[in-house]
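Q: how does the following fold in three dimensions:
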Amino acid sequence: MENYSVLSDLQLTCTDLKTLLKSSENLQTNLQKHEENFNNLQESLSVASRRLAPLQSLSIASKALETRINRAVSPALVLIDGFKISESLQRKLVSILTKLLGQKSENRRLRLLIKYVDCVDKLNIAINLISQEGGPAIQRLQEVVEFLSRTKATDQFRTHRLRETLVTLKALYETEVDSMKFDGLLDEALLNLQDEFEGILLQLRHHNIGVQVDDGDGEMMGVVELGTDLDVEVLRRISETLAANDCLDICIDIFVKVRYKRAAKALMKLNPDYLRTYKPEEIDQMEWENLETSITLWTQHFELAVQNVFVSEKTLCNQVLGNIMDGLVWQECFVKIADKIMAVFFRFGEGVARSNKEPQKLFKLLDMFNSLENLKTEFSDVFEGEAGADICMRFRELEKLLIHASSKVYWEFGLQIEGNQDGLPPPQDGTVPKLVRYAINYLKYLTTDNYNEPMAQVLRTKQIWKAGVHTACEPEDNLLKDAVSNVMEALHRNIESKRSSYKDKVLYHVFTMNTYWYIYMRTRNTELGKLLGESYMRKNYKVVAEEAAYLYEKQAWGGLVRFLDKQDNSEEGDAKGKIEDFLKGFELVAQRHTSRYSIPEADLREQIKEATIKLLIPPYSEFLDTFSSVLDVNSYPSPDMIEALIGQIFSGNDRKSSMGSMRRETKEQFEGRNSVSSDIEQMSGHGSFSRFQRNGSNTSDA
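A: Residues are numbered from 1 along each chain as shown. The predicted structure is shown next:
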């Protein structure tokens, strides 16, 4: 049973194998048939390929020709579109210009100008595009026409039309582009913009020049920007458009010409006639009052020009031209505007510095120097960079000239005092010489807050120039003190020289007393006195004046006291003789004070009066009391009258009228008496007392 089952499986397997072999045989038969069909198809495709090869070559050639034509025609179409855009922009320019000419509102005109500039910029771009792309486009089109004509790649009709298009486009390009750039509406628009540029610049004026305006914080400011933001925007856009259209030189010329004119007119409002009236070499011929006024105005105007006018002009120049050529243009334009104006200021300043070195010029020279020093930083900021190098160099040269001039004026002033070059003899009445008054007030003025620092800086700078930059220098206070001390010592020698020429010993002491007391009192509690020191002033002037006053008292009045010696005067005749000698001596001294001596200082006069009263009145009173038994005391002037006469001698009032009144009182008191009363009447008759007045000496400060 088991063997039967195996046999059945083998039979079934054999059947399957037979079936599989039969299928393989059928498949092989089919493959042979397909191979025969494939060979037939391959033979047919080869024949078709050989027949289609010419058509394929023709298709490829057509596509290549199409690509070549498109590459040539596309730029030509762009060029034609450029001409259309240009024409459209030109029509728009005309429309905007028409509106612009009829517009009265300044603000609206400016806004229309911005649109006008925008249109000009677009037109310029379109024309430049036509100019740049036209040549290559025509060249490509010409190459295609030549290729088609040579290769016969298309029919003659199409080649002819393409050739006509080439000729027309070439003629249009060659004739219209230059006209559009140089003779057309673009050129006209640029001319219009130049006129508008000049017109707007002319409208920007410096209003309220020199008038300071409160900025709201309590501080004053004198710089106001020129023009509104819209003005500046329009000017900037126009300048950039002109520069982009090869009109930069014209733009700069217009800007410099107009703004120089406006800056000059702004300063001319200040009436600087001194800059036009006198050449630098004629300054020595100017009257001092005119020169002094001119220098003061020069200082004010110079500061105003730098701090106000040129700061405003520089700001405007930067705002309008700052974007052109990466900012390389505007600074040179600004310097061109300022150069001519600054040159006029420099010429006048240099002329003053080079003029005669008269003493009174020192303070105006220091004013100029101090002004330049205060302006130095601002000036460098305004005229910064390479463009302003020449102006800054001239500024420094002017400052050097002023330092040299100030120093020389001061030292020559000291030499003039030293050499007694005033050419005048000592005052005949013993008053203070004009040279002393002038010198003391000169030095007082020099040591005030306005001038001590500039003068000290001048001295220090001169010392640095002389000794070298790296040399240790004296402090400025010491330099100024030494300089002032030198002049004071020269003045001292001048005074000593003058007083030695007096023959009258009393006048010698009056002169010494007056002069040294004047110097001490005029310098006490002043910057000059503080600089020299109180001990120096007391030792050299106050002590000398007091010593001279003592010697004056002794020399002028001391002799009268000896007449009142009470010894050996028991007899009436001796007492009478001595008192009459005293009164005659008193009259003689009074006469000398009237005609020869003068003490103009009220405080000194009062002290001398009190000292004279203390010297004379007690001995006189005592003498009268002692000899009242042998003298008719009522026949002689009372001590009070002598004291009153002394008061009149040292009175600062009109002595003529006061002494006339005293004379009448004396006459009434001694009427009918002889001896001294008749002598006083005789003195009055000769007009001695009537001459008790100052002799017209100048006591005012220089």
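Q: for this protein, what helix or strand is lowest in average pLDDT?
A: Here the helix or strand of the chain ranked lowest by mean pLDDT, DSSP states H and E is helix 676-685, holding a mean of 31.
Q: for whichever strand or helix holds Arg236, what is the distance to the chain centroid?
A: Assessed by DSSP states H and E, Arg236 sits inside helix 229-244. Relative to its parent chain, helix 229-244 has a centroid offset of 30 Å by CA atoms, centre = their mean, to the nearest Å.
Q: and that helix, what does it pack onto?
A: helix 106-151, helix 185-203, helix 248-268, helix 310-321 (3 or more CB pairs under 8 Å, 6 or more residues apart in numbering; DSSP states H and E). Heads up, the C-betas are built off the backbone N, CA and C, glycines and all.
Q: out of these, which is the most enclosed?
A: Stretch with highest mean neighbour count among the helices and strands packed on helix 229-244: helix 310-321 (a mean of 23; mean count of other CB atoms under 10 Å).
Q: what's in contact with it?
A: 204, 206, 223-227, 232, 235-236, 239, 251-252, 255, 259, 263, 329-331, 333-334, 337-338, 382 (CB atoms under 8 Å, 6 or more residues apart in numbering).
Q: run the angle between that helix and helix 229-244 for me.
A: 60 degrees (axes from the mean of the first three to the mean of the last three CA atoms, to 10 degrees).
Q: after helix 310-321, which helix or strand is next?
A: From helix 310-321 onward toward the C-terminus, using DSSP H and E, the following helix or strand is helix 330-354.
Q: please point out which parts of that next one sit buried.
A: 330-339, 341-342, 345-346, 348-353 (16 or more other CB atoms under 10 Å).
Q: moving C-terminal from it, which element do we reach first?
A: That would be, after helix 330-354 and using DSSP H and E, helix 361-382.
Q: give me the mean pLDDT for that next one.
A: Helix 361-382 comes out with an average pLDDT of 94.
Q: next: stretch 643-655.
A: For stretch 643-655, the per-residue pLDDT averages 78.
Q: tell me how many other residues crowd Ser239.
A: 26 (other CB atoms under 10 Å).
Q: where does the stretch 151-300 of the chain dip in pLDDT?
A: 151-183, 210-224 (pLDDT under 70).
Q: give me that answer again for 80
A: Residues of the stretch 151-300 of the chain meeting the criterion pLDDT under 80: 151-186, 208-225, 277-281.
Q: setting aside sequence neighbours, what's the nearest residue to Leu193?
A: Sequence neighbours aside, Ile238 is the residue nearest to Leu193 in space, at 5.1 Å (criterion: CB to CB, 6 or more residues apart in numbering).
Q: domains of the protein?
A: Annotated domains of the chain cover 31-183, 248-413, 434-469+476-653 [the TED database].
Q: before we move on, the earlier item: of all the helices and strands packed on helix 229-244, which one is nearest Glu412?
A: helix 248-268 (34.1 Å; CB to CB).
Q: flag every buried residue along the helix or strand following the closest one.
A: The helix or strand immediately downstream of helix 248-268 is helix 273-277, counting by DSSP H and E. Using 16+ other CB under 10 Å as the test for burial, helix 273-277 gives Tyr274, Leu275.
Q: contacts for helix 273-277 next, please.
A: Asn290, Thr293, Ser294, Leu297, Trp298, Val344, Phe345, Phe348.
Q: list the contacts of the fourth one.
A: Spelled out, that is Leu297. Per CB under 8 Å, 6+ apart, neighbours of Leu297: Leu270, Pro272, Tyr274.
Q: pretty sure Gly227 sits in a strand.
A: No - if the criterion is DSSP: H, G, I helix; E, B strand; the rest coil, then Gly227 is coil and not within a strand.
Q: cheers, nothing more for now.
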